[in-house]
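Chemist: Quick one: sequence plus predicted model below, questions after.
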Amino acid sequence: MKGRKVKLDLISDESSRKITFQKRKKGLMKKASELATLCGINLCVMIYSPYNTQPEIWPSPLGVQSVINDFSAMSKRDQNKKMLNQGTYLRQSIKKANDQLNKLRKDNRDKEITQFMSESLNGKPLTNLTAKDLKDLDCKIKYFSNDIDKMIDKHITTDQKFENGQTKTSGIDLNDGDNLQNSLKNHSWLMELGFERMIMPMGDKHNKDIDNNNNNNDNGAT
């Protein structure tokens, strides 16, 4: 079950504030232990509060001293490299929110101009558009026009390559039996593969068929 959203303000009631502190402190220690175990990092927690005279630490005094020594051995530049205070955090959050807002505005504007273009293609007049709308619409149309030109050039190039390939590989007139026979005979690679037996003397066969038909007609007339 999803918990309710907590308002991040100072708790005015002293008793409730102390109870919340104890609960959140326990959760913070648990998260620190999980982070160190799961990610294999060296970290420590030190908590100063008005409810204890001594600071509460995790995991131990020796562990805290080890982390402090490692941090002190770093250069000042490395120490401040990823340091984040409240002001820096707020500035980063504001910048991130502004970037998201600008992106949403750009996307919405693009959809709006695309709608204008679609409506104009359906016959709706452009008289109600402002000068900025018309300028953005002109840029959108040019963008689509360039894409269409590229697609046309791509298809033309593909078709030309296909036609050139067909011209180079054909070289045979399928409407002329004599030319087909001569073309097949001229391909020496057919002979080397043993396909010369498949090439029939079409002219001789045609003449034999005519002679046989004439003989049969003569015999029938007799």
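Modeler: Here it is on my side, so go on. Numbers count the residues shown, from 1 in each chain.
Chemist: Sort out which residues of stretch 102-119 are buried, please.
Modeler: Buried residues in stretch 102-119, counted by 16 or more other Cβ atoms under 10 Å: 113, 116-117. For the C-beta atoms, the positions are set from N, CA and C on the backbone; glycine is no exception.
Chemist: err, stretch 61-74, not the other one
Modeler: Residues of stretch 61-74 classed as buried: 63-64, 67 (neighbour count, 16+ other Cβ under 10 Å).
Chemist: Determine the longest helix present in this structure.
Modeler: The residue-count maximum for a helix in the chain (DSSP state H) belongs to helix 131-169.
Chemist: Tell me the gap between it and the middle of its chain.
Modeler: When distances are taken as Cα atoms, centre = their mean, to the nearest Å, helix 131-169 is centred 22 Å away from the chain's centroid.
Chemist: do the same with stretch 40-47
Modeler: Stretch 40-47 sits 40 Å away from the centroid of its parent chain (Cα atoms, centre = their mean).
Chemist: Alpha carbons only: can I get that stretch in CSV?
Modeler: What follows is stretch 40-47, C-alpha atoms only, in CSV (Å, rounded to 0.1, in the frame of the first residue of the first chain):
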residue,chain,number,x,y,z
GLY,A,40,30.3,-2.2,-1.4
ILE,A,41,31.2,1.4,-0.4
ASN,A,42,32.8,2.9,2.7
LEU,A,43,30.4,5.2,4.5
CYS,A,44,29.5,6.5,7.9
VAL,A,45,26.6,8.3,9.6
MET,A,46,26.9,11.0,12.4
ILE,A,47,23.7,12.4,13.9
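Chemist: And for it, what's in contact with it?
Modeler: Outside stretch 40-47, the residues that touch it by Cβ atoms under 8 Å, 6 or more residues apart in numbering are 25, 28-29, 32, 35-36, 55-59, 63-64, 66-68, 70.
Chemist: mind running it again at 6 Å?
Modeler: Here stretch 40-47 makes contact (Cβ atoms under 6 Å, 6 or more residues apart in numbering) with 32, 36, 55-58, 63-64, 67.
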